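A.B. asks: need a 3D model of the sequence below.
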Amino acid sequence: MKKSIQSLFAVVFAGSVAAQAVVAQQSEKCSIQGTVTAADTGAPVSKAEVAVFKEGSQEPLVVTYADASGRFGIKDLDAGGYALTAERDGYVPQGRGRGRGRMALILKPGQEQRDISFRLVATGVVTGRVWGEDSTPQVRVTVQAFTVGYREGRQRLIIAGQETTNDRGEYRIFGLQPGRYYICAAAISESHGNIQQRKGAPPEQYVPTFFPNVNDFKQATAVDLQPGRDLGGLDITLQRSPVFHIRGSITGADQALNRARLNLDAMDPGYDAAYRGRTILADARGNFDFGGIMPGTYVLEAMFAREGSGYGDWQRVEVGNADVNGVSFTPTTGLRLIGRLRRSSSNKIDFSKLAVFLRASMSSMGLIESRSTRVNSDGALVIESIMHDVYQVGITGLPEDSYVESVRLGNEEAQHRKITLESSPPEPLEIVVSLNGGRVDGAVNKDDNKPDSGATVVLVPESDRRNDGYLFHEVISDPNGNFTIRGIEPGDYKLFAWDDIEPDAYRDPAFLKPYEHDGKAITIHAKDRKTIELRVIPSRTPVT
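C.D. replies: Below you'll find the model as predicted:
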């Protein structure tokens with residue numbers, strides 16, 4: 001009997017302990033509450049989708065929706081780090097796409113976070129009509145809204161939105177976030193105006209035309225789109241331009257000729273609307289013909305596969321006031337580059353965790369991709385199938401306090417990490433890695449001196465080195481407004497913190513110019529560790 005009572009007591013006690021553990025666990029659960037409002041009016045944004053992500057995850061843990069008063073709440077969250085996003089049709093997503101980074105949040109056990117605030121910026125609309133000669137409306141013309149950005153230091157137009165004209169020549173591009181846009185009617189086919197040719201003159205046809213009625217991007221006028229604005233009256237009259245052909249042939253492909261691809265890419269950013277990644281196939285004899293080409297500088301690439309191997313070649317082509325004939329390609333499997341990494345100090349580096357890549361700077365980077373390879377534990381590396389080009393050398397996986405100290409090709413020092421690969425085989429590559437990079441710790445504050453989480457902090461090199469993309473460092477301030485940048489190459493820099501910024505916009509000198517006085521100058525030496533406070537730069541449309 002006594003034993004039975006003891007057993008019963010033990011069961012009851014164990015159940016009590018388990019119940020207490022459950023209660024304790026539930027008491028450690030966290031919750032969040034907040035609001036979603038319109039940035040310009042402060043009005044609630046009902047039905048806005050709020051997503052919660054575990055720190056480092058790309059899949060949402062919880063998704064909820066704001067009610068009619070713009071309020072939302074989520075319960076039963078574990079303590080830890082989270083990221084939040086908010087979005088709604090008609091507004092720029094906060095934390096997704098091109099908008100501000102995700103809102104970072106760290107929850108302590110049992111914490112009830114009640115003051116989360118999303119202020120969504122309303123998107124805008126641009127409208128207009130596209131006309132042809134004699135004021136005839138142009139149907140089914142693609143109209144594109146472009147922003148200006150950089151790709152590996154090269155200015156490019158970035159498509160932000162596009163629509164096709166209706167039967168009255170009207171277009172309406174919606175969902176655009178506030179900013180500066182170039183509007184282009186991309187009429188590039190003969191269906192939008194037959195080719196005209198006067199006696200003794202080259203043929204002319206409708207070509208991509210920028211607002212207000214120019215086909216030279218440098219003469220185009222950017223329009224400023226404000227939050228929630230419906231900007232109308234952006235009519236475009238298509239312009240004609242002399243157009244020409246680029247003709248040539250591919251040799252050495254044998255039975256692969258009918259599968260050979262030709263890719264045409266314009267070096268002038270204003271021609272992106274017509275010639276970015278324009279691709280055709282060679283005929284059975286390896287001949288090709290690009291028609292309707294405006295005067296300018298282009299990169300032409302040829303690629304085909306045979307017996308499991310890829311072959312490629314490229315060259316620059318200048319189109320003046322006449323057809324370009326006789327362009328000849330003999331694609332090859334490319335060059336083989338051998339190299340080695342070494343460190344500049346006695347500190348050890350696990351080279352096997354690193355990868356070296358070569359990023360093409362002269363070719364269009366369309367069909368010919370950048371090449372990369374893993375590094376052996378002893379620092380040795382081999383990169384296969386490299387086309388002749390000028391490449392910038394980079395490394396991924398470096399320890400956080402390290403940087404590339406020097407790059408040499410044979411006996412020649414590579415300035416700006418750029419190497420020219422032409423001969424076969426090329427000279428050996430040597431890369432020296434230093435573990436003595438600088439470090440900057442800091443904090444970002446708002447005008448009211450409160451910490452600003454989610455600000456984009458960018459370390460920008462001195463003006464004469466801003467074509468070297470590897471010198472730029474970008475981080476996001478944490479929930480307390482703090483940030484850390486490590487592995488900085490010695491030199492002179494400016495440090496900026498933006499409330500909201502387009503990806504890589506700071507690579508554009510025109511964008512950066514009005515902010516120069518907002519940056520804090522800083523000089524970094526080897527092994528430096530500096531602390532700096534920044535005032536966040538509010539979102540605005542800079543005047544250029």
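A.B. asks: can you tell me the closest non-neighbouring residue to residue 332?
C.D. replies: Counting by CB to CB, 6 or more residues apart in numbering, residue 332 lies nearest to residue 311, which is 6.1 Å off, once chain neighbours are set aside. Using the backbone N, CA and C atoms, a C-beta is placed for each residue, glycine as well.
A.B. asks: now do the SS call for the one you found.
C.D. replies: Secondary structure, DSSP: H, G, I helix; E, B strand; the rest coil: residue 311 is strand.
A.B. asks: give me the number of residues near it?
C.D. replies: Neighbour count for residue 311, taken as other CB atoms under 10 Å: 22.
A.B. asks: thought it was touching residue 331?
C.D. replies: Yes. Contact criterion CB atoms under 8 Å: residue 311 and residue 331 qualify, at 3.7 Å.
A.B. asks: residue contacts, residue 356?
C.D. replies: Applying CB atoms under 8 Å, 6 or more residues apart in numbering to residue 356 gives the contacts 339, 341, 372-373, 375, 381, 383, 393-395, 431.
A.B. asks: what do you get if the cut-off is 6 Å, keeping everything else the same?
C.D. replies: Neighbouring residues of residue 356 by CB atoms under 6 Å, 6 or more residues apart in numbering: 373, 381, 395.
A.B. asks: wait, doesn't the residue nearest to residue 332 sit right on residue 301?
C.D. replies: No. When contacts are counted by CB atoms under 6 Å, residue 311 is not listed as touching residue 301 (11.3 Å).
A.B. asks: so what's the closest residue to residue 450 other than its chain neighbours up against?
C.D. replies: Computed as CB to CB, 6+ apart, the closest residue to residue 450 that is not its neighbour in sequence is residue 481, at 7.9 Å. Counting by CB under 6 Å, 6+ apart, residue 481 touches 443-444, 451-453.
A.B. asks: and residue 124, bridged to which residues?
C.D. replies: Beta-bridge pairing of residue 124 under DSSP bridges involves residue 176.
A.B. asks: and it, what is it in contact with?
C.D. replies: Counting by CB under 6 Å, 6+ apart, residue 124 has contacts 176, 225, 229.
A.B. asks: helix or strand for the residue nearest to residue 478 when sequence neighbours are not counted, just tell me which one.
C.D. replies: Nearest residue to residue 478 in three dimensions, chain neighbours excluded: residue 104, at 5.6 Å (CB to CB, 6+ apart). In this structure, residue 104 sits in strand 103-107 according to DSSP states H and E.
A.B. asks: can you give me the buried ones in that strand?
C.D. replies: 103-105, 107 (16 or more other CB atoms under 10 Å).
A.B. asks: name the helices or strands packed onto it?
C.D. replies: strand 80-87 (3 or more CB pairs under 6 Å, 6 or more residues apart in numbering; DSSP states H and E).
A.B. asks: counting by contacts, list what the strand it packs on packs against.
C.D. replies: Secondary elements touching strand 80-87 (3+ CB pairs under 6 Å, 6+ apart): strand 49-54, strand 103-107.
A.B. asks: what separates that strand from the chain centre, distance-wise?
C.D. replies: 22 Å (CA atoms, centre = their mean, to the nearest Å).
A.B. asks: quick one, that strand and strand 103-107 angle?
C.D. replies: 150 degrees (axes from the mean of the first three to the mean of the last three CA atoms, to 10 degrees).
A.B. asks: for strand 80-87, buried residues please.
C.D. replies: Within strand 80-87, judged by 16+ other CB under 10 Å, the buried ones are 82-87.
A.B. asks: make a PyMOL selection of whichever of the contacts of residue 124 turn out to be buried.
C.D. replies: A single PyMOL command is used to select the members of the contacts of residue 124 judged buried by 16+ other CB under 10 Å:
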select buried, resi 176+225
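A.B. asks: let me know the closest of the contacts of residue 124 to residue 169.
C.D. replies: residue 176 (20.3 Å; CB to CB).
A.B. asks: in contact with that closest one, which residues?
C.D. replies: So residue 176 contacts 123-124, 145, 160-161, 225 (CB under 6 Å, 6+ apart).
A.B. asks: how far away is it from residue 184?
C.D. replies: 14 Å (CB to CB, to the nearest Å).
A.B. asks: which strand or helix spans residue 302?
C.D. replies: Going by DSSP H and E, residue 302 is part of strand 296-306.
A.B. asks: check which helices and strands that strand sits against.
C.D. replies: Using 3+ CB pairs under 6 Å, 6+ apart as the test, strand 296-306 ends up in contact with strand 261-266, strand 309-319.
A.B. asks: dump the ones you listed into a markdown table; add mean pLDDT as well.
C.D. replies: Output for the helices and strands packed on strand 296-306, formatted as a markdown table (pLDDT from 0 to 100):
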| stretch | mean pLDDT |
| --- | --- |
| strand 261-266 | 85 |
| strand 309-319 | 85 |
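A.B. asks: quick check: which of those strands is buried the most?
C.D. replies: strand 261-266 (a mean of 22; mean count of other CB atoms under 10 Å).
A.B. asks: domain parsing of the protein, as residue ranges.
C.D. replies: Domain segmentation of the chain under automatic domain parsing yields 28-120, 124-242, 247-321, 335-434, 438-535.
A.B. asks: and the third one, how far from the chain's centre?
C.D. replies: Read it as domain 247-321. That offset, for domain 247-321, works out to 26 Å (CA atoms, centre = their mean).
A.B. asks: so where's this protein uncertain?
C.D. replies: Counting by pLDDT under 70, the low-confidence segments of the chain come to 1-26, 96-102, 150-155, 187-201, 252-258, 269-277, 307-308, 362-370, 539-544.
A.B. asks: show me the helices in it, by range?
C.D. replies: 2-27, 272-275, 509-512 (DSSP state H).
A.B. asks: how about the helices and strands packed on strand 296-306 in JSON lines, adding distance to residue 416?
C.D. replies: Listed next are those as JSON lines, based on distance: least, CB to CB, whole Å:
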{"stretch": "strand 261-266", "distance to residue 416": "23"}
{"stretch": "strand 309-319", "distance to residue 416": "20"}
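A.B. asks: ok, which of the ones you listed comes nearest residue 519?
C.D. replies: Using CB to CB, the helices and strands packed on strand 296-306 put strand 261-266 closest to residue 519, at 33.0 Å.
A.B. asks: show me what the closest one is packed up against.
C.D. replies: strand 278-281, strand 296-306.
A.B. asks: for residue 73, which of those is the nearest?
C.D. replies: Of all those, strand 278-281 comes closest under CB to CB, at 51.1 Å.
A.B. asks: buried sites along the closest one?
C.D. replies: Quick answer for strand 278-281 (16+ other CB under 10 Å): residue 278.
A.B. asks: do stretch 332-339 as well
C.D. replies: By neighbour count on 16+ other CB under 10 Å, the buried set for stretch 332-339 is 334-335, 337, 339.
A.B. asks: what comes into contact with that stretch?
C.D. replies: If you take CB under 6 Å, 6+ apart as the criterion, stretch 332-339 is touched by 309, 311, 381-387, 421, 424-426, 428-429.
A.B. asks: can you tell me which of those end up in strands?
C.D. replies: Assigned to strands by DSSP state E, the following of the contacts of stretch 332-339 qualify: 309, 311, 381-386, 421, 429.
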